[in-house]
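S.K.: sequence-free structure coming up:
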């Protein structure tokens, strides 16, 4: 398993970590401040801090995530400038410091009734990921379930890499637990039975087939049923099922 599973495609990762794309109607909806937030805005001194605050407000309201302010869309910036009487020429994102972001982040989390994604929240998310590993098989399904879980508990959603890393480690731990359980309980006889399924099928022992480059295993023949209704093919299917049943009964 790689260091971190690539659960999303490159474009999906970029989309997840980027601000949401708003329509004109959505801008009016998500960038509309409550009276309490308007008071907070009036206390901010610089145009850069004001527009940063409004952008983070709207993006978080839509996604439960904070984004890198430099990745904001020009249409959103111009919309806010028009509606909040801010001159775009006065905006300098290089002056939007991490201290400013963290201060505004705390204000916005409180406003929306959300908790920050800290070490305690991460520990809870790891436990949830481990629980999901036994019920959901696909990493993407686990990822989406974790996003839903965070939203239900009103916890800030982290960036893609953080969640992907949690899922990767959870799947590793789950796999290790399964392998340890099998190693502890399986007998030598059961190992031989299972190994036999992965042996090259006896049909390739014939002189006419010995030189075939790609040979199929016993399990390949056993897992495929012939759909023909001829008595001969039905008998072959029954023989396969009897072989599988014998192996299953011995291991069960």
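M.R.: Right, received. Where do you want to start? Source: prediction; values computed, not measured. Numbering: from 1, shown residues only.
S.K.: tell me the contacts of the closest residue to residue 219 other than its chain neighbours?
M.R.: Distances taken as Cβ to Cβ, 6 or more residues apart in numbering put residue 197 closest to residue 219, at 4.2 Å, once the chain neighbours are dropped. Quick note: C-beta positions are derived from backbone N, CA and C, even for glycine. Residue 197 sits next to 217, 218, 219, 222, 247 when contact means Cβ atoms under 8 Å, 6 or more residues apart in numbering.
S.K.: Recalculate using a threshold of 7 Å.
M.R.: Applying Cβ atoms under 7 Å, 6 or more residues apart in numbering, one finds that residue 197 lies in contact with 217, 218, 219.
S.K.: can you count the residues close to the first one?
M.R.: Using other Cβ atoms under 10 Å, residue 217 has 15 other residues around it.
S.K.: Tell me what it is bridged to.
M.R.: When bridges are called by DSSP bridges, residue 217 pairs up with residue 200.
S.K.: Quick one, grab the pLDDT at residue 1.
M.R.: Predicted confidence (pLDDT) for residue 1: 45.
S.K.: in which helix or strand would I find residue 184?
M.R.: For residue 184, the element it lies in under DSSP states H and E is helix 160-185.
S.K.: Name the next helix or strand following that helix along the chain.
M.R.: In N-to-C order, the element after helix 160-185 by DSSP H and E is helix 188-197.
S.K.: elements contacting the following helix or strand past that next one?
M.R.: Later in the chain than helix 188-197, the nearest helix or strand by DSSP H and E is helix 218-222. For helix 218-222, the elements it packs on are helix 188-197, helix 231-251, judged by 3 or more Cβ pairs under 7 Å, 6 or more residues apart in numbering; DSSP states H and E.
S.K.: mind listing what residue 16 touches?
M.R.: Taking Cβ under 7 Å, 6+ apart, we find residue 16 in contact with 8, 160.
S.K.: who touches the lowest-mean-pLDDT helix or strand in the chain?
M.R.: Ranked by mean pLDDT, DSSP states H and E, the weakest helix or strand in the chain is helix 218-222, scoring a mean of 83. When contacts are defined by Cβ under 7 Å, 6+ apart, helix 218-222 is touched by residues 196, 197, 198, 199, 201, 240, 243, 244.
S.K.: Next up, the contacts around the last one.
M.R.: The one in question is residue 244. residue 222.
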